[in-house]
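[1] quick one, what's the 3D model for this:
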Amino acid sequence: THPEDGRIMALVDAGSFPSGPGNQPVWLPAFYMDVYPATNRDYAAFVRATGHAPPSHEDDGFPRGLDRHPVVNVTYRDAESYATWAGKTLPSAQEWEKAARGPGGNIYPWGNQETPAKCNVRQTGAGTTTPVDRYHSGVSHYDIYDMAGNVWEWCRTETEPGRFVLKGSAFTSPLGMASGAAMNDASDKMSDDDTGFRCVSSLESIRELLRIQG
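    Residues are numbered from 1 along each chain as shown. Reported below is the predicted structural model:
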């Protein structure tokens, strides 16, 4: 449990994994990643604590009854502000990919089989976001949820000035876009009803937070 925002995180171990469409080996140090995308409940706590503007899709910023659904209609800068407040960062594209594919480089979080029923993508037919803990059979090697479908997730990797990587696909996307190696990007000013985020922390940053808190 992260000492700042209280969210559950999973350890992604140090080591190499096959990255990108060409499965080139990439080594990453260990890090922690949020087990679930940031929810409306999580983001509401951030808004209350900081006075940051709520998402734009509702008068009060948060649709009623959807506390456990991923927050959407957040720009890259909104997501970055949440991460800073929480003492975390947004993941790099490679960190996100490793958390989704595991050390063996699975095509999808659950393996290599095309199984739309394991996630919230267009073929599933939900047509909207779903609770972040719904798809138990679709978790990744590290037991991280919603690494395929539900909402696109912002990454801190910049593709060109002012544009950042999006990973994971969404309820609006075909299953093929949910593969861990697939990549999208968008302007840092873009917000949409199928785009959210989750955060990561280095081991060193968590140790430092724990030291400060005594």
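
[2] all contacts plus neighbour counts: C-alpha atoms, from now on.
    Fine.

[3] contacting residues for Y82?
    If a contact means C-alpha atoms under 8 Å, 6 or more residues apart in numbering, then Y82 has Y43, F46 as its contacts.

[4] list the buried residues for the helix or strand where it lies?
    Secondary structure here is read from DSSP states H and E; on that basis Y82 sits in helix 76-85. Applying a neighbour-count criterion of 16 or more other C-alpha atoms under 10 Å, the buried positions in helix 76-85 are Y76, D78, A79, E80, S81, Y82, A83.

[5] pLDDT for those - can I get that in a markdown table?
    Supplementary listing: the buried residues of helix 76-85 in a markdown table, determined by pLDDT from 0 to 100:
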| residue | pLDDT |
| --- | --- |
| Y76 | 98 |
| D78 | 97 |
| A79 | 98 |
| E80 | 98 |
| S81 | 98 |
| Y82 | 98 |
| A83 | 98 |
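
[6] save these as a markdown table, and put in distance to T157 too.
    A markdown table is the format used below for these (distance: C-alpha to C-alpha, whole Å):
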| residue | distance to T157 |
| --- | --- |
| Y76 | 11 |
| D78 | 15 |
| A79 | 13 |
| E80 | 12 |
| S81 | 16 |
| Y82 | 17 |
| A83 | 15 |
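
[7] go through those and name the one nearest S19.
    Relative to S19, the closest of the buried residues of helix 76-85 is Y76; by C-alpha to C-alpha it sits at 23.5 Å.

[8] ok, now which ones touch that closest one?
    Listed by C-alpha under 8 Å, 6+ apart, the contact partners of Y76 are W154, F164, S187, D188, K189, M190, S191.

[9] E4 versus the third one, what's the distance?
    The one in question is S187. Note on S187: its distance to E4, by C-alpha to C-alpha, to the nearest Å, is 29 Å.

[10] contacts for stretch 98-106?
    12, 15-19, 23, 33, 107-109, 111-112, 140-142, 144, 147-148, 180.

[11] so for it, mean pLDDT?
    Per-residue pLDDT values across stretch 98-106 average out to 97.

[12] end to end on that stretch, go ahead and measure it.
    Length of stretch 98-106, first residue to last, C-alpha to C-alpha: 9 Å.

[13] quick one on the thing from earlier: which of the contacts of Y76 ranks first by neighbour count?
    W154 (31 neighbours; other C-alpha atoms under 10 Å).

[14] doesn't that one fall inside a strand?
    Yes - remark: W154 belongs to a strand, assigned using DSSP: H, G, I helix; E, B strand; the rest coil.

[15] OK, contacts around it?
    Taking C-alpha under 8 Å, 6+ apart as the contact definition, W154 lies against Y76, A79, L90, P91, F164, V165, L166, K167, T195, G196, F197, R198.

[16] tell me which of these fall in helices.
    Assigned to helices by DSSP state H, the following of the contacts of W154 qualify: Y76, A79.

[17] switch the contacts of W154 over to TSV; also include distance to E158.
    Supplementary listing: those in TSV, determined by distance: C-alpha to C-alpha, whole Å:
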residue	distance to E158
Y76	11
A79	14
L90	12
P91	11
F164	4
V165	6
L166	10
K167	13
T195	17
G196	17
F197	15
R198	17
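
[18] from the contacts of W154, which is closest to L210?
    Proximity of the contacts of W154 to L210, judged by C-alpha to C-alpha, is greatest for L90, which lies at 20.0 Å.
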